[in-house]
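Peer 1: coords please:
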Amino acid sequence: MDAVVLTADMVVDATSFLAASPTSLQALKSASLLKSLPINALLFGGTGTGKSTLARYILPDASCVDARDMDDTLSALESNSAIVLKHIDRSANLSLLLEKIESDKTRVVATATLDRLPLQLEEFFNLSIYLPPLSQRDEDVKLLIEKFIDEAESLFSKKVEKLSIKGDLDLKRNAYSLREQIYSLYLFYGADEILLEQMIQKFIAHHLGSGDDYRELLWLYEVPLIKAGLERYGSQLKLSQVLGLNRNTLRKKILQHNIKV
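Peer 2: So this is what the prediction gives:
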């Protein structure tokens, strides 16, 4: 693919499908062509990779139907000229569904939570677009982090200065888990002592009742304290001095809580 020079107005589309990596830029290009071509298409990939967003870009005015509900799906095919059909891979009767799409001549842009297509779907659809996981789309991840920080600022009606994303990103469910991680970080960075106390209190209240709760829940204080101290000072000796702990006691607690040094 030819090199693409990105500008701010290029990477953010009105559909909220953010494209900066080569694969997502190609997917967006294909989707733009599909807007004017009356053919059926399938978008596939893992959860949270942007399939539904891209499908709505292709058919912005079409009804969105869940293929897991067969009755609703068949009704929508009869009453619409075009639909977005989610979870087609989870249809209770895929053969019947594909026959109905063909006989009703309804235009369908479908999504499937799969990394590889079964032959039946591959042969049926005129065009298939694969959206790989975010772990393979570093450029998109950077844009999504900025987007989710902006969302969090709007949601919580405040701005958190110096919010930084450190450590591993949670991309297990792609955009879904990344958004949850950013929101959680935003909440914690912007929380005051009262809010933190309330959150810990609710957590403890939910877990009380083991008979040895004081020792069992003490890690809530010790683990973040030790991790923060190690991050700040980078030395067990220095941290033991700051905390007023014997160095062997600190080392024992690090091993007890399985804290990475």
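
Peer 1: now the biggest helix by length in the chain, how far from the centre of its chain.
Peer 2: If you go by DSSP state H, the chain has its longest helix at helix 138-156. Averaging C-alpha positions (CA atoms, centre = their mean, to the nearest Å) puts helix 138-156 11 Å from its chain's average.

Peer 1: can you give me the mean pLDDT across the next helix or strand after it?
Peer 2: Once the chain leaves helix 138-156, the next helix or strand it forms, by DSSP states H and E, is helix 175-189. For helix 175-189, mean pLDDT rounds to 88.

Peer 1: Against which helices or strands is helix 175-189 packed?
Peer 2: Packed against helix 175-189 by the contact rule (3 or more CB pairs under 8 Å, 6 or more residues apart in numbering; DSSP states H and E) you find helix 138-156. The way it works is simple: take the backbone N, C-alpha and C, and place the C-beta from them, glycine included.

Peer 1: Can you tell me what sits against the helix it packs on?
Peer 2: Residues from elsewhere that reach helix 138-156 (CB atoms under 8 Å, 6 or more residues apart in numbering): 11-12, 16, 18-21, 24, 134, 159-160, 163, 165, 169, 171, 175, 178-179, 182-183, 186-187, 190.

Peer 1: which stretches of this protein form strands?
Peer 2: In the chain, the strands defined using DSSP state E lie at 41-45, 63-66, 82-86, 107-112, 127-131.

Peer 1: Neighbouring strands of the second one in the sheet, and parallel or not?
Peer 2: With DSSP bridges as the criterion, the sheet partners recorded for strand 63-66 are strand 82-86 (parallel).

Peer 1: likewise the first one?
Peer 2: Take DSSP bridges as the rule and strand 41-45 pairs in its sheet with strand 107-112 (parallel), strand 127-131 (parallel).

Peer 1: if you compare those strands, which one is most tucked away?
Peer 2: strand 107-112 (a mean of 26; mean count of other CB atoms under 10 Å).

Peer 1: if we can go back for a sec, Throw the strands paired with strand 41-45 into TSV and include mean pLDDT and distance to residue 205, thanks.
Peer 2: Formatted as TSV, these follow (pLDDT from 0 to 100; distance: least, CB to CB, whole Å):
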stretch	mean pLDDT	distance to residue 205
strand 107-112	98	40
strand 127-131	97	41
